[in-house]
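In: I'd like to go over a predicted model; first the sequence, then the structure.
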Amino acid sequence: MRSVFYLTTVPALSRHPKKWAPAITAVVALIFAAQLLPAQTSPQPSGYLRLQSFLYDADGIQPRQQRFSYAVSGSLALSWDKFRLPLSFIFSDRHQPYRQAFNRFGIAPEWAWGKAQLGYGNLQFSPFTLAGVTFLGGGFDINPGKLRLGAMAGRLNRAVREDSLATGRQQTPSFARMGYAVKLGVGNPKNFFDLVFFKAKDDENSLSGYNGLRLQPKENMALGAISRFLFAEKWALELDAAASAYTRDLRAEETSVDELDFLKSFFPARLSTTLLTAGQAAFGYQTRDLGLKLQYRRVEPGYQTMGAYFFQTDVENLTLNTRFNAWQRKLRFLGSLGLQRDNLLDQRYATSHRLIGSLRISAQPSQKYGVDFAWFNYGIQQQRPPGAVSDTLLFSQVNRSFLLSNRLTFLKTATLQNFVLTANFQQVSFEQGSAFDPRSTLIFSGNLNYFLSWLASGWGLSANLNLLRSEQEALAASSWAGLTLGLNKNFPKTGISTGCSASLTRGFEAEEKRADTWMFTAFGSAKLAKRHSLFVNLSYLKNDSPALFNGLPGFSEFRGNAGVNLILSGKKT
């Protein structure tokens, strides 16, 4: 069994009756966990505590972080004979009223047939309803026997007011958002069918004096079904489907939607409400050295749920994925080929069709040499509805990329040497109109890494050469070339490790030098009393540019980080 624990401040939930739901769900979650605690065996503690501080200074640009900050983090694990309960936390002065919570706490015990959640955490019931969004509250996901039950309730966002005095680091203001979800199903982890219901709503009263044009209170309700079926231990069928009703402005006038009228008192439809669907299905065959999967996915344009962070929408694709191992697994092959289109609801003037494919091959013929190859091809071509679009507005695009990486390793009694040479080529071709008027972008990058270690003395030497070049028609070519050298030394008897590096990257435009970027780093660590340790990391960056290059002026930055790690190890009594 496992659990996780984070530390932060908790708002009182008793101010509004509806906010008791997270607490009630959390109590239920703790009851499940408490039933598994051993009654007599004393726990054995173990864990760590980390204290660290951060320094920052910038000249020539707006600061990209606080000048000084600190963080305290740690973990404490209580272990019984057949039960383990690790708790962890993080606390920092980065917790501000103008941002979502940084300091967090939570406990998430896990056991053979379920898990519970209290405090900050996340649960995933289905990919299109509740799919891992972080909440502050309580929940559980259990599978006793053939019954599958899950529930969560909590705050998805805290209220964040606009910081009118912030310069460059402010966050978009938001309302406090509360939500809950319920899952009911039958089966086991290999074969199951679940129904999931999710609902969340912004609290308009959590902010006062907000800009109604910039921020609107929202509401969401989603219903989904998810299933997995395994046949003969090798064949698998996966089905996921969901419908989401999303209101983008709770202040909009109410209206009538046939599919939602029976829920009018529970979820009133408004002029800003959309009802959209998403789903995917897959059928595949899997063994240790061979895999085949045919997958279909469809997500309507604008599909959204407050239980997930992001979806690629207005997309429908059918892909065939394959993998196999050969030559005693010294050769590995991964491939994918499929078709994709958009404009699912015919809301655009034209429909784009894409050919999507990829190939990855990895070979390790000997302990000294290995090679990786990758190829990706993604093409788009628009199809015109009759009489709807002029030829000059239609386009086609092809994106191809190739990657080749070679590895060499030489291990001797006194030394270890590694060489890694990587080359990558990418081409984006674009055609517009009935006439052949191609516009293309070419990007080439190369990287050579070398590492040498003297095993007996603890000395190490590293070097890196890198090159990047970008060419686009009608524009001047841009390129960057860089060199990095590093040196490190370990002292095994004293537990001290040190190292430093220096790098120079030179930028060119139209074959003329435009900027030099210097980077210097140093690090060190030392053990204390066998288990504990001190550490420090320093870096200085200097960008010399007489004029704006890639949108940046000349500037410099300093970053420092120092701290201590304290280790706790339990002993049986």
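Out: Everything's here; your move.
In: okay, now residue 425: neighbour count?
Out: Neighbour count of residue 425, defined by other CB atoms under 10 Å: 14. (C-beta placed from N, C-alpha, C; glycine too.)
In: what sits against residue 172?
Out: For residue 172, the contacting residues are 160, 215, by CB atoms under 8 Å, 6 or more residues apart in numbering.
In: make 34 the starting number, not 1.
Out: Yes, from this point I'll number from 34; that puts the last item at residue 205.
In: and it, how far from residue 278?
Out: Noted for residue 205: a distance of 24 Å to residue 278, by CB to CB, to the nearest Å.
In: kindly report the same for residue 490.
Out: Taking CB to CB, one finds residue 490 at 67 Å from residue 278.
In: of these two, who's got more company?
Out: When residue 490 and residue 278 are compared for neighbours, residue 278 comes out ahead with 21 against 11, by other CB under 10 Å.
In: for the more buried one, give me the pLDDT.
Out: Per-residue confidence (pLDDT) for residue 278: 96.
In: just the C-alphas of the helix or strand harbouring it, formatted as CSV.
Out: Under the criterion of DSSP states H and E, residue 278 resides in strand 268-280. Only the C-alpha atoms of strand 268-280 are listed here, as CSV (Å, rounded to 0.1, in the frame of the first residue of the first chain):
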residue,chain,number,x,y,z
TRP,A,268,-6.7,-9.9,-27.3
ALA,A,269,-8.1,-6.6,-25.9
LEU,A,270,-11.1,-4.4,-26.7
GLU,A,271,-11.4,-0.9,-25.3
LEU,A,272,-14.4,1.4,-25.5
ASP,A,273,-14.7,5.0,-24.2
ALA,A,274,-17.5,7.5,-24.8
ALA,A,275,-18.8,10.6,-23.2
ALA,A,276,-21.1,13.6,-23.6
SER,A,277,-20.4,17.0,-22.0
ALA,A,278,-22.8,19.9,-21.5
TYR,A,279,-20.6,23.0,-21.0
THR,A,280,-22.0,26.5,-20.1
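In: would you mind identifying the next helix or strand past the least confident helix or strand in the chain by mean pLDDT?
Out: Taking mean pLDDT, DSSP states H and E as the measure, the helices and strands of the chain show their lowest mean at helix 53-67, namely a mean of 54. Using DSSP H and E, the helix or strand that follows helix 53-67 in sequence is strand 77-92.
In: just checking: what are the partner strands of the following helix or strand past that following strand?
Out: Next along the chain after strand 77-92, taking DSSP H and E as the criterion, comes strand 101-112. Each strand paired with strand 101-112, and its direction, by DSSP bridges: strand 77-92 (antiparallel), strand 117-125 (antiparallel).
In: could you tell me the least trusted of those?
Out: Considering the strands paired with strand 101-112 one by one, the lowest average pLDDT is found for strand 117-125, at a mean of 71.
In: any idea how far residue 217 lies from residue 180?
Out: Using CB to CB, which is the criterion applied here, residue 217 is 9 Å from residue 180.
In: sorry, wrong one. I was asking about residue 211.
Out: Relative to residue 180, residue 211 is positioned 27 Å away (criterion: CB to CB).
In: neighbour count for the two, which is higher?
Out: For residue 211 versus residue 180, the count of surrounding residues by other CB under 10 Å is larger for residue 211: 25 against 12.
In: name the nearest residue to the more buried one, ignoring sequence neighbours.
Out: Using CB to CB, 6 or more residues apart in numbering and skipping residues adjacent in sequence, the residue nearest residue 211 is residue 188, 5.7 Å away.
In: so where's the stretch 484-606 of the chain uncertain?
Out: Counting by pLDDT under 70, the ranges of the stretch 484-606 of the chain that qualify are 580-585, 603-606.
In: would you map out the domains in the protein?
Out: Each domain of the chain is listed here as a residue range: 34-70+116-197+205-320, 347-494, per automatic domain parsing.
In: need the strands paired with strand 101-112 in JSON lines (columns: mean neighbour count and distance to residue 458).
Out: Conversion of these to JSON lines gives the following (neighbours: other CB atoms under 10 Å; distance: least, CB to CB, whole Å):
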{"stretch": "strand 77-92", "mean neighbour count": "16", "distance to residue 458": "36"}
{"stretch": "strand 117-125", "mean neighbour count": "19", "distance to residue 458": "42"}
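In: thank you kindly, that will do.
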